[in-house]
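K.L.:
Sequence isn't available, so here's the structure alone:
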C-alpha cells in the first residue's frame, strides 16, 4: 500500500513539474520579443567627426608654422546647437617670435580653402594676441588665440574617495589613512 502511494506521489510530482515546464515554455515563446539594439560602427556624429578632422588640420597647420606640440593647449567645452551637443575647442598657442600676422593669416586662409566646409573668421590683431575662429559647415567650432606667453592651465587633480568599513571597531586603519600625505 505504501509503495503504491509513493508511486502516485511521484507520478503527480513529475506530471505537475512537466506541466509547469510546458506552460513556462509557452509563455516564453508567446511573449512579445523586443528587437535587439543596433549599434553604430562609429559613436561620433557627423558634426563631431568634422570637428575632429578640422582639429587635425589645425594641428598640421601649427606644425607647418613651426610650433611644437608643447606650444599650444586645447580646452574642450560642450556647447549645444539645435538640440545637439558638440565639442567646442579653445586653443591657446604661443606666438613664436619669427612668425608674423600675415604668415599665420595666410596659413589659415589656405587651410580654409582646402575644404569648402571649413569656415574662417579673423579678428583684428592686437599687440597682445591674434584671434581666429574656425568652423565646420558654418558652425563655429574652434577658437584659436595666439599669445606672447602661453597661459598655464591648472592641472586637474585626481579626486579620490576612501571608504573604510570598520566593523571590528579597530580605529588603527582609519588613523593610518588620515595620516597619509596626498600630493
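P.N.:
It's in. Fair warning: this is a prediction, and the values are worked out from it, not measured in the lab. Numbering: from 1, shown residues only.
K.L.:
Would you map the strands across this structure?
P.N.:
Applying DSSP state E to the chain gives strands spanning 72-81, 84-94, 118-122, 129-136, 139-147.
K.L.:
To residue 4, which of those lies closest?
P.N.:
Proximity to residue 4 (CB to CB) singles out strand 84-94 among those, at 74.7 Å. Heads up, the C-betas are built off the backbone N, CA and C, glycines and all.
K.L.:
what's that closest one in contact with?
P.N.:
Applying CB atoms under 8 Å, 6 or more residues apart in numbering, the set of residues contacting strand 84-94 from outside is 45, 47-48, 51, 55, 58, 62, 67, 71-80, 139-151.
K.L.:
Direction included, what does that strand pair up with?
P.N.:
Applying DSSP bridges, strand 84-94 is found paired with strand 72-81 (antiparallel), strand 139-147 (parallel).
K.L.:
what's the least confident stretch among the ones you listed?
P.N.:
With a mean of 86, strand 72-81 has the lowest mean pLDDT of those.
K.L.:
which residues are in contact with it?
P.N.:
Residues from elsewhere that reach strand 72-81 (CB under 8 Å, 6+ apart): 55, 62, 85-94, 139, 150, 153.
K.L.:
In PyMOL, select just the buried ones from those.
P.N.:
In PyMOL, this line selects whichever of the contacts of strand 72-81 come out buried by 16 or more other CB atoms under 10 Å:
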select buried, resi 55+62+86+87+88+89+91+92+93+94+139
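K.L.:
Name the nearest of the contacts of strand 72-81 relative to residue 8.
P.N.:
Using CB to CB, the contacts of strand 72-81 come closest to residue 8 at residue 85, 68.8 Å.
K.L.:
any idea how far that closest one is from residue 118?
P.N.:
According to CB to CB, to the nearest Å, residue 85 and residue 118 sit 21 Å apart.
K.L.:
Tell me what residue 88 is bridged to.
P.N.:
residue 77.
K.L.:
Mind pulling the model confidence for it?
P.N.:
pLDDT for residue 88: 91.
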